[in-house]
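Peer 1: Here is a sequence with its predicted model. Questions after.
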Amino acid sequence: MTLLGSHTPAAAFAGVRTLTNSHRSLQILTKNAPYALPAVVPNPAARIASSTALNSLNPIALLGGAAQDTLGPAAICTMALLAFQYCAQPPLTRKFLDSRVNKKGITMVEEICKMGLSAMFLLSMGKDVVASSLKGWTLQSSLLLAGLPAVLYATQGVLTYLGYQHTDSVTFNGLNQTKTLSAALWCYLLMGKRQSPVQIVALGILVFSALLFQGTISFSSLFGKSDDKSKDAKDEEDQKTSLTLGILPCLGAAGISGLAGALSQKGVQVAGGSGRNPYLYTMELGLYSCISLIISIFATKNGRKALREEGGIFKHWTPMSIIPVVVRALGGVLTALVHKYAGATRKGYALIAGLIMTGLTQSFLEGERLSSDELLAVVFVILSSYLHLSYPPIAV
């Protein structure tokens, strides 16, 4: 005996619907319920089809990982892992990677590791997922979805390196933090992902908190108190900062970063209806990045010179050098997952969280207390996160 004296689940649901239609209070409750009551299954064949559809749901979707504006467990988990990776990367790089190693060689190995990790994760999901991910794949669609972002990421790297060489650290850090705002703008232009007025303010607070935590700005300077820098030091910074070779490349890199992030988000969320599998998409990005690196190595004088040297592009490598490279490659895989389940804009929150975790870890290991500006930055990040999650744009 089931609900309302019915002997089958279908009859029980039919009884609930009959009762609901007779009582207005129940109509209001079911109308506002987060999950609608299933329709009555008319026959056994339809009941089997309905059961099959339920059983075919992706486990990530059951965890709340659907690509949407709200943050489900999958989004929170991938953002947390990306923050941990961002925190662990600097000390691992300093400890195991010689600063003299060829940067293109590092990037090449990183992209290969990224493709290998993605292939392993994709294959672990089963033959059915692999087959559905490859269904409808064409070279043209791959070049459009992953080829363009790969070129943009490579261009961003060149502009970032150029800007870093021709700006002081304060200016570079400040301009570099505009990537989150750029991602929000490009997501709106390419995907129609709007930000509410409160969310726009929250993103501004996030950028401010990052600058505050990095020491780019301080409350003492905001209130007009003079800093300890001498006039000669300030003149030296002004001479180091160039508009055409420093500031403009930094702004260009931030804008390209937002565009590439938005294109990646569009590729893994909406391409083909349900979006590209993030592991497959990461493999495509890695492949095109490797191709562009190989062309760059053979096309440039410095690249050809590095190949002729003893050890080639792997000069100054040690067996332990692979550790930071693999960790960074894992960060690339996590970035695709964050784009899938949280979006390019909210990736900025994961990176800022990683920055704060780095500061906290360093403070703990070195026995130093956080400054008042750093503590305020943590408060502002929490405030920004609350505002951005609590005040989404109103559906039109």
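Peer 2: Structure's in. What do you need?
Peer 1: for stretch 184-203, how far is the first residue from the last?
Peer 2: Start-to-end span of stretch 184-203 (C-alpha to C-alpha, to the nearest Å) is 9 Å.
Peer 1: And the contacts of stretch 355-371?
Peer 2: Residues outside stretch 355-371 that contact it (C-beta atoms under 8 Å, 6 or more residues apart in numbering): 83-84, 86-87, 90, 210, 213-214, 374, 377-378, 381. No exception for glycine: its C-beta is placed from N, CA and C like everyone else's.
Peer 1: so where's the protein uncertain?
Peer 2: Within the chain, the ranges that satisfy pLDDT under 70 run 1-70, 161, 165, 169-170, 173, 220-241, 272, 395-396.
Peer 1: ok, back up a step: make a ChimeraX selection of whichever of the contacts of stretch 355-371 turn out to be buried.
Peer 2: Here is the ChimeraX command that selects the buried residues among the contacts of stretch 355-371 (16 or more other C-beta atoms under 10 Å):
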select :83,84,86,87,210,213,214,374,377,378,381
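Peer 1: Now render the contacts of stretch 355-371 as TSV, adding secondary structure and distance to Val101.
Peer 2: Formatted as TSV, the contacts of stretch 355-371 follow (DSSP: H, G, I helix; E, B strand; the rest coil; distance: C-beta to C-beta, whole Å):
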residue	secondary structure	distance to Val101
Ala83	helix	26
Phe84	helix	24
Tyr86	helix	21
Cys87	helix	22
Pro90	helix	16
Ala210	helix	29
Phe213	helix	29
Gln214	helix	26
Glu374	helix	32
Ala377	helix	33
Val378	helix	34
Val381	helix	33
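Peer 1: contacting residues for the residue lying closest to Tyr86 once chain neighbours are set aside?
Peer 2: Spatial nearest neighbour of Tyr86, excluding adjacent residues (C-beta to C-beta, 6 or more residues apart in numbering): Gly354 at 2.8 Å. Contacts for Gly354 (C-beta under 8 Å, 6+ apart) come out as 82-87.
Peer 1: before we move on, what about Tyr288?
Peer 2: Counting by C-beta under 8 Å, 6+ apart, Tyr288 touches 143, 146-147, 150-151.
Peer 1: what's the helix or strand for it?
Peer 2: Using DSSP states H and E, Tyr288 maps to helix 278-299.
Peer 1: Out of the contacts of Gly354, the closest to Gly252 would be?
Peer 2: Tyr86 (22.9 Å; C-beta to C-beta).
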